[in-house]
Structures are given as C-alpha cells and as structure tokens.
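Student: pasted the sequence and its predicted model underneath.
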Amino acid sequence: MTTALSPVEQIKSDSRGLRGTLVESLADAHTGSLREPDQVLIKFHGSYQQDDRDLREERAESKLEPKYSFMIRTRTPGGIVTPAQWLAFDAIAQRYANGTLRLTTRQAIQLHGVVKHELKSTMQAINRCLIDTIAACGDVNRNVLVSANPVQSEAHALVYADAVALSEALLPKTRAYHEIWLDEQQIAGTPEHEPLYGPSYLPRKFKTAFVLPPHNDVDVYAHDLGYAAVIVDGVLTGYNVSVGGGLGTTHGDARTYARAASLLGCIPRGQEIAVAQAVLTTQRDWGNREDRRLSRLKYTLDRVGLEAFRAEVEARSGVKFAPAAPPRFEARGDRFGWLPGHDGRWHLNLRVVAGRIADRGEERWLSGLRAIARVHAGDFRITPNQNLVIAGIEAHARPEIERIALEHGLLAGLDRSPVERDALACVALPTCPLAMAEAERYVAEFSAKVQALLARAGVPEETLSLRISGCPNGCSRPYLAEVALVGKAPGRYNLHLGGDRLGTRLNRLYRENIDEAEILATLERDFGRWRRERATAESFGDYADRVLLAESA
Ligand code: SRM
Ligand code: SF4
C-alpha cells in the first residue's frame with residue numbers, strides 16, 4: 001500500500017535548499033506571522049514562530065491576530081560559550097528578545113519573543129559573536145551534546161573536539177542561511193547539492209550525544225545516535241555507539257512510544273563521522289516520510305531490526321563494529337558547587353531553575369552572570385540539565401567569582417534539596433505552542449512539595465530524579481526520570497514512575513490525567529510504602545518499577 005508523503009516533505013523538496021519564500025514572508029509588514037511553508041523552513045535556520053498563549057484568548061476577543069514572535073535557538077555543541085559571547089547574548093536578549101535567556105536540555109541558548117521585523121537584525125547580532133543557529137532545529141542533525149563536566153579528565157577536551165567536528169560535518173551545505181540572514185549574494189546558476197541530506201533532508205529531527213562514563217549527564221540513551229567514550233588508562237581509544245533513542249509520544253496514539261537507545265557496537269576513535277554519516281543516510285533512505293509521528297529513527301530501527309540496521313551502517317561506512325561493552329554509569333545529573341579540575345583550575349556548577357536566566361527577586365542571574373563574564377578568563381558551559389558551569393577559573397580568581405555569585409544570589413540553588421536541584425522542566429507555557437500544562441513555571445513549586453513529602457515520609461535526605469514536561473513530546477526527558485509529570489490539560493498530568501537513577505531504564509505510566517492534589521496524595525502514600533518496604537538502599541525508581549508498577553499492571 002502506498003501512502004501520501006507528509007505535507008512537510010513537499011515543503012522541504014520545493015524549498016530550493018531551505019529558502020522557500022522566507023525573504024518575502026519577512027518583508028510582509030501586514031502580519032507578524034510567516035507564510036505557512038516558511039514556518040516549517042525557518043526551523044532549519046534555528047527559529048520557531050510562536051505566539052503568547054497567555055494572551056491568545058484576549059487578543060482573539062479583541063479581533064487581533066495572535067501576538068506572534070519568534071524563538072531562536074543556538075547551535076552550541078557541548079554548550080560552551082566564551083564570556084564575550086555570553087555578554088553579547090545578554091545584550092541581544094535585552095535589545096531584541098524578552099530580556100531573558102533560556103538554557104536548554106540540549107546545551108543551547110534560546111531567545112524568546114523576537115518580533116518578525118527584528119528577526120534578521122537578531123540573527124546578524126548572533127552571528128557577529130561567532131555563534132550560529134544553523135540546524136539548531138529542523139529535520140537535520142541538531143545541536144550535539146557532550147558531557148558538560150570539565151573536571152573529569154583530559155579526555156573531555158578530546159571528546160568535545162570530536163563532537164564539534166561531527167557537528168560541522170553533519171551541517172547542511174545550503175547557503176540559504178547566509179543569504180537570508182547575512183545578505184550573502186547567491187551565485188547565479190550554481191547548482192546546490194546536499195551530499196548528505198539530499199533535497200528533502202531527513203524524515204525527522206536527528207539528535208546526537210557524546211558521553212563520558214561514568215557520568216551519564218547527557219542521558220545518552222535518549223538520542224538517535226550516542227557515543228560513549230571508551231577510555232583505557234586515561235587514553236580515549238574509541239566509542240560505544242548506540243542508536244534509536246527517542247522520547248516523543250502522542251497522547252492516545254498507541255503506535256508512538258518512548259525508546260531507550262540500543263547498543264550497535266564499538267568503534268575506534270576517528271570513525272565517528274563515517275559512522276554518523278552512515279546512520280544518518282540510512283535513516284534518510286529508510287525512515288518513514290508519510291507519517292511524522294512515526295518517522296524518528298527509533299521506529300525505523302524497530303521496523304528493520306538492529307542486525308539489518310547494523311549491517312547497512314557497516315556497508316555504508318566501511319567500519320566494522322566490534323561488540324559493544326555497555327558503558328558503566330555511576331551517576332547522572334550535575335555535580336554542583338565548586339569542583340577542582342584535573343589541570344588545577346576550578347569549576348563552579350550553578351543550579352539554574354529550568355534554565356531561565358532572569359533577574360527575579362533575590363536571584364539576579366542576568367546581572368550576576370554579566371558581572372562574572374566581565375572578569376572571567378575561562379568559559380561558560382551549559383549543561384544538558386539546563387544548568388551553568390563557570391568553567392576554568394584560576395585559583396586566584398576564585399574568591400572574586402564567589403563574591404559576585406554570592407552577591408547576586410546565584411548560590412542559593414546550591415542549598416536546595418537534591419530533588420529540587422536535579423529537577424528538570426521544559427519551557428511549556430506561555431511560548432510553546434504544543435504545551436498542554438505548565439512545566440517551567442511550575443517546577444520550583446512542585447519540586448518543593450515533593451521534597452516536603454519526602455520529609456514527611458521520614459526520608460528528607462533521599463533524592464530522586466523528577467522531571468516535568470508540558471506535553472508528551474518529552475523535552476525535559478521525563479520518560480527517563482524516576483518520577484515524571486507529563487502534561488495532559490491545564491493543571492492535569494500523567495504520572496510516570498520507575499525510571500532508574502542512571503538514565504538507562506524508561507519509566508512507565510502509573511496514573512493518568514490527575515491533578516496536583518491526586519499526584520501528591522499518590523506520592524505521599526507511595527513514599528511511605530517505599531520507606532517501609534524497600535530493599536536496602538533501593539531507590540524510589542527501582543522500588544516503583546519492582547513493586548508499584550507490578551501491582552498496577
Ligand atoms: Fe523539544 C518540540 C523545546 C529538547 C522532543 N521542543 C519542541 C518545541 C520547539 C515546540 C514546537 O515544536 O513548536 C519546543 C519550544 C518551546 C519553547 O517555547 O521554547 C521545544 N525541546 C525544547 C527545549 C527548549 C526544552 C527545554 O526546556 O530545554 C529543548 C531544546 C533543545 C535544544 O536546545 O535543541 C528541547 N525536545 C527536547 C528533548 C530532549 C533532548 O533532545 O535531549 C526531546 C526528547 C528527545 C527526543 O527528541 O526524542 C524533545 N520537542 C520534542 C518533540 C517530540 C519529538 C518526537 O520525536 O516526537 C517535539 C515536537 C515535534 O518535534 O514534533 C519538540
Ligand atoms: Fe513544549 Fe511539550 Fe516540549 Fe514542553 S514537552 S517544550 S510543552 S513540546
């Protein structure tokens with residue numbers, strides 16, 4: 001049976017290398033919106049059209065078009081930015097966006113609230129500080145994640161270099177970005193060729209992560225393609241490769257599911273790009289282009305089987321996989337506070353609630369980080385958990401950085417309970433068009449309530465990973481948490497339990513469509529049972545998986 005291609009496929013193949021009519025859409029002063037096909041294409045340039053959902057109804061009643069604006073996302077592999085780039089982004093946020101910065105779960109910076117007629121100036125300002133937004137979104141390889149913690153070993157720098165090289169190698173070749181945003185002249189008559197992607201790019205987004213065991217801070221099994229560093233006697237010798245991770249699901253569509261990646265095999269260092277290109281082109285050719293709900297690599301993999309997929313990747317790359325040794329993880333999340341580096345320098349890992357950099361009350365993140373950036377000689381590292389590391393601080397500079405951080409309330413988060421410190425939340429309302437419930441604006445309050453329940457259950461020092469997503473797309477990687485809320489409707493969530501602490505086991509649906517009171521009552525009862533019935537040192541996620549979910553199955 002042949003089915004029609006999804007409409008997005010037509011838009012991509014008609015787009016003349018992602019140009020579409022973006023120039024005309026941007027020039028149309030009658031609306032704050034883009035033409036519909038251009039709303040698809042602009043994603044490949046690192047931006048999404050959005051509208052303020054808090055104002056939607058009010059504006060509709062006043063017969064006004066929605067309050068359109070644009071989110072812009074950076075391509076910052078490994079989340080590393082210099083102090084100069086930080087200052088530039090801060091200034092751009094004040095001048096063009098909503099005055100805040102947002103650190104994402106994929107180590108990028110997002111700006112929200114840029115209006116259409118200032119989009120081009122904003123893109124140019126971003127480029128001037130030597131950061132681009134190419135392929136930050138769209139059906140291409142996205143921002144590449146790298147374990148953020150710079151203290152672990154010298155291997156971190158090598159893995160970072162491999163990730164940057166891979167990010168560059170998988171970029172689309174079209175000059176559309178440079179022409180539309182940076183006024184580069186198109187060379188007439190020059191045919192443009194996308195050797196990797198072809199005219200229709202990938203069937204869907206594609207995500208890659210590099211991880212340095214024993215710390216699974218990137219949640220490597222959530223990614224289409226994962227590289228877990230193999231380090232022997234301090235030397236980076238190769239990577240264990242995993243494929244087919246992906247978390248997005250759709251409520252009520254049982255064909256969709258979250259999937260933890262499968263190990264494909266082990267490769268020597270130096271083969272990462274060849275393997276990535278082979279995985280990517282196999283997905284390009286084998287992936288589903290009819291139904292975007294079923295088009296991620298995870299579905300391709302389950303359709304063809306791991307063996308067939310591996311054989312194809314080996315044939316395309318010329319790389320023969322050695323058997324994989326499952327990476328041994330000991331922790332996830334970030335290690336907060338001051339950490340000594342292997343090179344004698346210091347790193348300050350700060351807790352940023354839901355990645356939002358703003359001046360609010362006692363915690364003045366924008367001002368504090370601005371002051372730090374002015375004196376800091378190292379760099380800034382956005383972690384895959386939406387936090388920020390002030391990295392590479394010389395011992396003599398430590399007191400000054402500490403003083404500024406303290407003065408601006410940036411150390412407050414370090415004193416919160418482990419549950420509150422590790423909690424993740426996606427953006428959700430008011431900017432995300434897909435949000436069904438609050439996440440970012442709810443996580444501080446909700447995680448404090450969970451901590452209070454732990455205290456009441458007599459285990460105040462216990463920790464657990466808690467994640468909230470405003471819809472089932474799973475942008476805070478909720479399906480890998482011990483406790484997760486997945487938005488269903490305003491104030492209502494699905495409660496998932498039973499992930500493990502290391503991000504290797506998916507959780508499962510435990511209660512559907514319940515409000516806060518029911519969620520808290522459920523957790524209170526189950527925390528009590530866990531304390532009484534658990535095996536020695538058993539985590540809540542493991543207990544929930546072993547007992548609670550087995551009972552409710
Ligand atoms: Fe995401 C779509 C925000 C990480 C799965 N995600 C969106 C959009 C762009 C909504 C949209 O399509 O219009 C959200 C914009 C909200 C806003 O206002 O900013 C959005 N996703 C985010 C961020 C900002 C969440 C955060 O709080 O940090 C993360 C940005 C990452 C980046 O810098 O590139 C973000 N998104 C993720 C992750 C986690 C990850 O990749 O590690 C996932 C789950 C992993 C995965 O992809 O399977 C994720 N986002 C999705 C999906 C579901 C994809 C699927 O396969 O079904 C969508 C919807 C879609 O693609 O149709 C989505
Ligand atoms: Fe939006 Fe849903 Fe992603 Fe949250 S999980 S940012 S609500 S798409």
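Tutor: Received, thanks. Ligands and ions are numbered 1, 2, ... in the order given.
Student: quick one: contacts for the residue nearest to Ile357 when sequence neighbours are not counted?
Tutor: Leaving aside its sequence neighbours, Ile357 sits nearest to Leu101 (Cβ to Cβ, 6 or more residues apart in numbering; 4.0 Å). C-beta here means a position set from N, CA and C on the backbone, and glycine is covered the same way. By Cβ atoms under 8 Å, 6 or more residues apart in numbering, the contact set of Leu101 is Phe89, Asp90, Ala93, Ile109, Gln110, Leu111, Arg356, Ile357, Ala358, Leu366.
Student: can you pull out the low-pLDDT segments for the protein?
Tutor: Scanning the chain with the threshold set as pLDDT under 70 gives 1-2, 188-191.
Student: and it, which residues reach ligand 1?
Tutor: 48, 50, 71, 73, 104-106, 108, 110, 142-143, 205, 207, 222, 246-248, 296, 355, 386, 426-427, 431-434, 473-477 (Cβ under 6 Å from any ligand atom).
Student: how near is Ala163 to ligand 2?
Tutor: 23 Å (Cβ to the nearest ligand atom, to the nearest Å).
Student: do Asp285 as well
Tutor: Asp285 sits 28 Å away from ligand 2, going by Cβ to the nearest ligand atom.
Student: returning to what we had before: so how far is Ala29 from the residue nearest to Ile357?
Tutor: Counting by Cβ to Cβ, to the nearest Å, the gap from Leu101 to Ala29 is 28 Å.
Student: which ones are touching the residue of the chain found nearest ligand 1?
Tutor: Here the residue of the chain nearest ligand 1 is Gly248; by Cβ to the nearest ligand atom that distance is 2.0 Å. Neighbour list for Gly248: Thr256, Ala258, Arg296, Pro472, Asn473, Gly474 [criterion: Cβ under 8 Å, 6+ apart].
Student: and which of those is nearest ligand 2?
Tutor: Distance to ligand 2 across the contacts of Gly248 (Cβ to the nearest ligand atom) is lowest for Asn473, with 3.9 Å.
Student: what's the burial count for that closest one?
Tutor: Other residues lying near Asn473 total 19 when counted by other Cβ atoms under 10 Å.
Student: buried residues in stretch 342-358, which are they?
Tutor: Using 16 or more other Cβ atoms under 10 Å as the test for burial, stretch 342-358 gives 345-358.
Student: how about that stretch and ligand 2, any contact?
Tutor: No - Stretch 342-358 does not reach ligand 2 (Cβ under 6 Å from any ligand atom); its nearest approach is 10.6 Å.
Student: and that stretch, end to end?
Tutor: Stretch 342-358 has an end-to-end distance of 32 Å (criterion: Cα to Cα, to the nearest Å).
Student: CA atoms only: put stretch 292-305 into CSV for me.
Tutor: What follows is stretch 292-305, C-alpha atoms only, in CSV (Å, rounded to 0.1, in the frame of the first residue of the first chain):
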residue,chain,number,x,y,z
ARG,A,292,5.7,12.3,11.0
ARG,A,293,4.6,10.7,14.2
LEU,A,294,6.4,7.6,13.2
SER,A,295,9.4,9.0,11.4
ARG,A,296,12.1,9.1,14.0
LEU,A,297,15.0,6.6,13.8
LYS,A,298,13.6,4.6,16.7
TYR,A,299,10.7,3.5,14.5
THR,A,300,12.9,2.7,11.5
LEU,A,301,15.1,0.6,13.8
ASP,A,302,12.2,-1.4,15.3
ARG,A,303,10.8,-2.0,11.8
VAL,A,304,14.0,-3.3,10.2
GLY,A,305,15.7,-4.8,13.3
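Student: residues touching it, excluding its own?
Tutor: Residues outside stretch 292-305 that contact it (Cβ under 8 Å, 6+ apart): 6, 8, 203-206, 224-225, 243-246, 248, 250, 253, 255-257, 259, 262, 279, 282-283, 286-289, 309.
Student: just give the number of residues close to the closest residue to Arg142 other than its chain neighbours.
Tutor: Nearest non-adjacent residue to Arg142, counting by Cβ to Cβ, 6+ apart: Lys207, 5.2 Å away. By other Cβ under 10 Å, the residues close to Lys207 number 20.
Student: what sits against Lys207?
Tutor: Arg106, Asn141, Arg142, Leu145, Ala222, His223, Asp224, Leu225, Gly245, Gly246.
Student: adding neighbour count, write those out as CSV.
Tutor: Converted to CSV, those look like this (neighbours: other Cβ atoms under 10 Å):
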residue, neighbour count
Arg106, 26
Asn141, 27
Arg142, 23
Leu145, 29
Ala222, 26
His223, 28
Asp224, 28
Leu225, 28
Gly245, 27
Gly246, 26
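Student: and the two most separated of those residues?
Tutor: Asn141 and Ala222 (15.1 Å; Cβ to Cβ).
Student: surely Leu247 meets Ala258?
Tutor: Yes - in this structure, Leu247 is within contact of Ala258 by Cβ atoms under 8 Å, at 4.5 Å.
Student: okay, and the common contacts of these two?
Tutor: The contact sets of Leu247 and Ala258 overlap at Gly474, Tyr479 (Cβ under 8 Å, 6+ apart).
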